[in-house]
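Enquirer: need coordinates for the below:
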Amino acid sequence: LCDLKPNIIRVIIHWEDVEPKYNTFCWELPDKIVNMADSIGCSVLFLVRSISSWGTIYHTKRAKNGAYSGSMPINIDVWKDFIGQFAKRYRGKKIFFEIENEINLSIYWDGSTKNYCELLIASYEAIKKSSPSTLVLNSALSCGINRNKIWYLDPTWQQWHDKILMKILETNAFDIVNVH
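Expert: Okay, here's the model as predicted:
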């Protein structure tokens with residue numbers, strides 16, 4: 001990785017990777033990532049997934065492709081505490097937070113667009129309270145391409161995609177618009 005000299009590395013972190021039990025934090029993995037990035041002069045984009053065996057409405061569910069679906073926290077204040085502590089720990093570092101991934105696909109998000117927007121707003125508020133200069137990205141939506149079909153050429157798919165994206169954009173709970 002050092003030889004590539006990246007400007008930003010994107011790393012997926014599940015909630016329970018950092019908080020395996022309520023109010024028990026394990027910072028070893030994100031600390032290693034941030035320290036490594038600092039050592040080569042690059043930023044870290046943490047893609048933070050709301051995946052927890054104890055803290056989310058739906059517990060970790062693995063799809064056929066190996067992905068886990070995120071879901072709403074049982075208690076949004078507990079999530080806000082977690083994401084706020086995460087942001088505070090790395091305040092002043094070159095860190096970005098992306099909240100969830102491709103929430104328009106059920107293999108990645110087990111909830112509604114409304115649920116996701118609530119999570120994004122809560123995350124944004126907690127991050128900004130703990131580290132005002134840290135930048136937040138919304139979940140990018142699936143672009144509609146797989147090996148067998150190009151969905152984005154279908155007008156119905158485009159309308160569905162754009163309707164979800166507009167709901168996310170209406171929150172204003174991000175600093176960078178994230179697209180795939």
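
Enquirer: what residues does the top helix by length along the chain touch?
Expert: Longest helix in the chain, counting residues (DSSP state H): helix 113-130. Contact with helix 113-130 is made by 48, 50, 71-73, 76, 79-81, 83-88, 91, 97, 99-100, 103-104, 109, 134, 136, 138-139, 164, 167-168, 170-171, 173-174, as judged by C-beta atoms under 8 Å, 6 or more residues apart in numbering. Using the backbone N, CA and C atoms, a C-beta is placed for each residue, glycine as well.

Enquirer: among the residues you listed, name the ones in strands.
Expert: Among the contacts of helix 113-130, DSSP state E puts Val48, Phe97, Ile99, Val136 in strands.

Enquirer: measure the first one to Asn75 for me?
Expert: It stands for Val48. Applying C-beta to C-beta, to the nearest Å, the value for Val48 to Asn75 is 17 Å.

Enquirer: neighbour count winner among the two?
Expert: Using other C-beta atoms under 10 Å as the criterion, Val48 and Asn75 rank with Val48 on top: 28 against 12.

Enquirer: returning to what we had before: the contacts of helix 113-130, buried ones only, as a ChimeraX selection?
Expert: Filtering those down to the buried ones (16 or more other C-beta atoms under 10 Å) takes a single ChimeraX command:
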select :48,50,71,72,73,79,80,81,83,84,85,86,87,97,99,100,103,104,109,134,136,138,139,164,168,173,174
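
Enquirer: of the contacts of helix 113-130, which belong to helices?
Expert: Reading helices off the contacts of helix 113-130 with DSSP H, I get 76, 79-81, 83-88, 164, 167-168, 170.

Enquirer: farthest pair within the residues you listed?
Expert: Spatially, the most separated pair among those is Lys88 and Ile164, at 30.7 Å (C-beta to C-beta).

Enquirer: which one of the ones in helices among the contacts of helix 113-130 is nearest Asp3?
Expert: Phe86 (29.0 Å).
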